[in-house]
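K.L.:
Sequence and computational prediction follow.
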Amino acid sequence: MNGVDAQFTGQDQRRHPRYALSLPGRFMRQDKLDYPCRLIDISVESAAMTTPVPLRVGEKLIVYLTHLGGLEGSVVRLFPGSFAMTISGTQRKLDKLAMQIPRLAAQAETPEDEARLYPRVSADEAALIILPDGNTMVCPLHDISLSGAAIVTPARPPLGSQIMVDKRRAVVVRHHERGIAVDFVNEGDAVPVAFSTALRHQSST
C-alpha cells in the first residue's frame, strides 16, 4: 500500500490524512554523507520513500525534500527499494507540514504547465553539467526558468540526485526522452551545512 504496510498506514490515517506525493530529495545518515531518495507518500507524522540505499530499522535520518525542506525522523519499516519513517519536530514545524502537504498534493494534480510558478522559455544555449560522480559534460538546454531546466543529455543521474548546472545546484526530478529535468536548489550550500549541524546535535544528545 504505497510502500507502507497496512497496519502502519491504518494507524497513521486515523490521526492524519496521507497524501500520495512524488518529490525528489536527499537524506543524511550518521556518517554525514547524503544519499538520494524520492517521496512516495506522506502525512504529518510519517512518510514513505524509495531509495537504492540499504537502511536499518531505528536509524535516524535527516531528509531534505524539494518544496518541503528538511525533515527529521527514524526508520520504522523496510521494503524492497523503499522505507517508511516517522517525522519528528516542533509543533510549529508539524503545523507547517499540515498546511504544505495538501497544497503540494493539489498542485501535483494540476497539469504541469499550469503548476509551474515560473514559465519556462526555450533556450538556445549550452551549460556545463557536473554529474554526481564528478564527471563533466557540456549539454544543450531545451528550456529554462527561474526554478528549473530541461537538459538534453545522454546521462541519466538517479531521480533525487544533485548535479551542478553551470554554477547552480540542482536536483534531478524527471527523466525524459532527450535527457533530464531539474529543479534548482535556491538554498545553495546552506542545506548540507544545516544537515551537518543537525547531525552533530543528534550525536551529542
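P.N.:
Happy to help now that I have it.
K.L.:
So A98 lies in a helix, does it not?
P.N.:
Yes: A98: assigned to a helix according to DSSP: H, G, I helix; E, B strand; the rest coil.
K.L.:
so what's it closest to, chain neighbours aside?
P.N.:
Distances taken as C-beta to C-beta, 6 or more residues apart in numbering put V44 closest to A98, at 5.0 Å, once the chain neighbours are dropped. Yep, even glycine has a C-beta here, placed from its N, CA and C like the rest.
K.L.:
Surely the one you found and L94 touch.
P.N.:
Yes: the pair formed by V44 and L94 meets the contact definition of C-beta atoms under 8 Å, at 5.4 Å.
K.L.:
More neighbours: these two, which one.
P.N.:
V44 (21 against 14; other C-beta atoms under 10 Å).
K.L.:
where does that one sit relative to D183, distance-wise?
P.N.:
V44 sits 23 Å away from D183, going by C-beta to C-beta, to the nearest Å.
K.L.:
and the longest strand for the chain?
P.N.:
Assignment by DSSP state E gives strand 69-79 as the longest strand of the chain.
K.L.:
helices or strands next to that strand in the packing?
P.N.:
Contact analysis of strand 69-79 by 3 or more C-beta pairs under 8 Å, 6 or more residues apart in numbering; DSSP states H and E lists strand 46-50, strand 60-65, strand 82-86, helix 190-204 as its packing neighbours.
K.L.:
hmm, try it at 10 Å
P.N.:
helix 6-15, strand 24-28, strand 34-42, strand 46-50, strand 60-65, strand 82-86, helix 91-108, helix 190-204 (3 or more C-beta pairs under 10 Å, 6 or more residues apart in numbering; DSSP states H and E).
K.L.:
quick one: buried residues of the longest one?
P.N.:
It refers to helix 91-108. Neighbour-count burial for helix 91-108 flags K93, L97, Q100, I101, L104, A105 (criterion: 16 or more other C-beta atoms under 10 Å).
K.L.:
tell me the mean pLDDT over stretch 150-160?
P.N.:
Averaging pLDDT along stretch 150-160 yields 87.
K.L.:
confidence score at the residue lying closest to G89 once chain neighbours are set aside?
P.N.:
What sits nearest to G89 in space, not counting adjacent residues and going by C-beta to C-beta, 6+ apart, is E72, at 6.2 Å. Note on E72: pLDDT of 93.
K.L.:
And L68, by the same measure?
P.N.:
As predicted, L68 sits at a pLDDT of 86.
K.L.:
ok, it touching I101?
P.N.:
Yes: between L68 and I101 there is a contact at 7.7 Å, judged by C-beta atoms under 10 Å.
K.L.:
tell me, what's touching the two both at once?
P.N.:
Common neighbours of L68 and I101 (criterion: C-beta atoms under 10 Å, 6 or more residues apart in numbering): L21, I42, A47.
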